[in-house]
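Asker: Turn this into a model:
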Amino acid sequence: MDEPTNAENVDPQEISKFNALASRWWDPAGDFKPLHQINPLRLGYIAERAGLEGRRVIDVGCGGGILSEAMAAAGARVTGIDMAEAPLGVARLHLLESGLDVEYLQASAERMADERAGEYDVVTCLEMLEHVPDPAGVVAACHALVRPGGHVFFSTINRNPKAFLLAIVGAEYVLRLLPRGTHEYARLIRPSELESFARHAGLSLEGMTGMHYNPLTDKYWLGGNLHVNYLIHCRRPDAEAT
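Answerer: From the prediction side, this is the model:
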């Protein structure tokens, strides 16, 4: 892959932020503890709806590889892409410990869509859309990457006062579950907006679920409302209008 250019759908400040945190990615009690805790839920949702054994999967915005490795362990052939080089370095190093086989590339979703259109059975793009200037462009690229009939999964944070209080003030400043400044309220995405991005890209909505957290029990679960964190499952139709 070539080096990223300034024309790509990237916020340099966001890349710098995650580069600085890279060394902490695989510490289950550190800054990325919530990702480690929710990963079994995310993995289960994807596996139940799309299957992973033998599937060719691309993980867009893979970071340090927590989800990518989990999907590889479930039998998928996984490519993980990210624009932040330091987390990718950590992801590659962690493969030496896990013994899993994941292809990690520094590339944007849009560039991969140009090079590998329609090559994947499953596309995952989790906790990433709220960190790019043009989320609709990433959604369109995910549509291009998946084969007809294939599955696409997104997760992000709703934009409303409850989400601001719980996902930003509560998680970053009160409970310190995430580093301060991880999320910007203006970049959060309402479910209706994400559904619109998907529909305009040519994806059909298959389901949505909320992701919830109880700070008293330190437990996460899926289901119920979409007020704060949520997952969305889409498919690319088998036959598309031309």
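Asker: helices or strands next to the helix or strand of the chain with the lowest mean pLDDT in the packing?
Answerer: For the chain, using mean pLDDT, DSSP states H and E, the weakest element among its helices and strands is helix 12-20, scoring a mean of 86. Packed against helix 12-20, as judged by 3 or more CB pairs under 8 Å, 6 or more residues apart in numbering; DSSP states H and E, are the following elements: helix 85-98. Where C-beta positions appear, they are placed from N, C-alpha and C, glycine not excepted.
Asker: tell me which residues of the helix it packs on are tucked away?
Answerer: Neighbour counts over helix 85-98 (16 or more other CB atoms under 10 Å) mark 86-91, 94-95 as buried.
Asker: Could you do stretch 177-194 as well?
Answerer: Here stretch 177-194 shows 177-178, 182-183, 187-191, 193-194 as buried, counting by 16+ other CB under 10 Å.
Asker: Now the terminal residues of it, how far apart.
Answerer: 25 Å (CA to CA, to the nearest Å).
Asker: Might one say that residue 145 is in contact with residue 123?
Answerer: Yes: with contact taken as CB atoms under 8 Å, residue 145 and residue 123 are classed as touching, separated by 5.2 Å.
Asker: Show me whatever sits in contact with both of these two.
Answerer: Shared contacts of residue 145 and residue 123 (CB atoms under 8 Å, 6 or more residues apart in numbering): 58, 60.
Asker: quick revisit: output the least confident helix or strand of the chain as CSV, nothing but the C-alphas.
Answerer: Output in CSV follows, covering the C-alpha atoms of helix 12-20 (Å, rounded to 0.1, in the frame of the first residue of the first chain):
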residue,chain,number,x,y,z
PRO,A,12,-4.9,14.0,11.2
GLN,A,13,-5.8,14.9,14.8
GLU,A,14,-7.8,11.7,15.2
ILE,A,15,-4.9,9.7,13.7
SER,A,16,-2.4,11.4,16.2
LYS,A,17,-4.8,10.6,19.1
PHE,A,18,-4.9,6.9,18.4
ASN,A,19,-1.2,6.7,17.5
ALA,A,20,-0.4,8.1,21.0
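Asker: Go ahead and name everything in contact with stretch 191-199.
Answerer: 129, 135-136, 139-140, 143, 152, 154, 156, 158-159, 204-205, 208, 226, 230, 232, 234.
Asker: just the buried members of the residues you listed?
Answerer: For the contacts of stretch 191-199, a burial check counting by 16+ other CB under 10 Å picks out 129, 135-136, 139-140, 143, 152, 154, 156, 158-159, 226, 230, 232, 234.
Asker: tell me which of the buried residues of stretch 177-194 is nearest to residue 114?
Answerer: residue 194 (23.1 Å; CB to CB).
Asker: per-residue confidence for that closest one?
Answerer: Note for residue 194: predicted pLDDT of 98.
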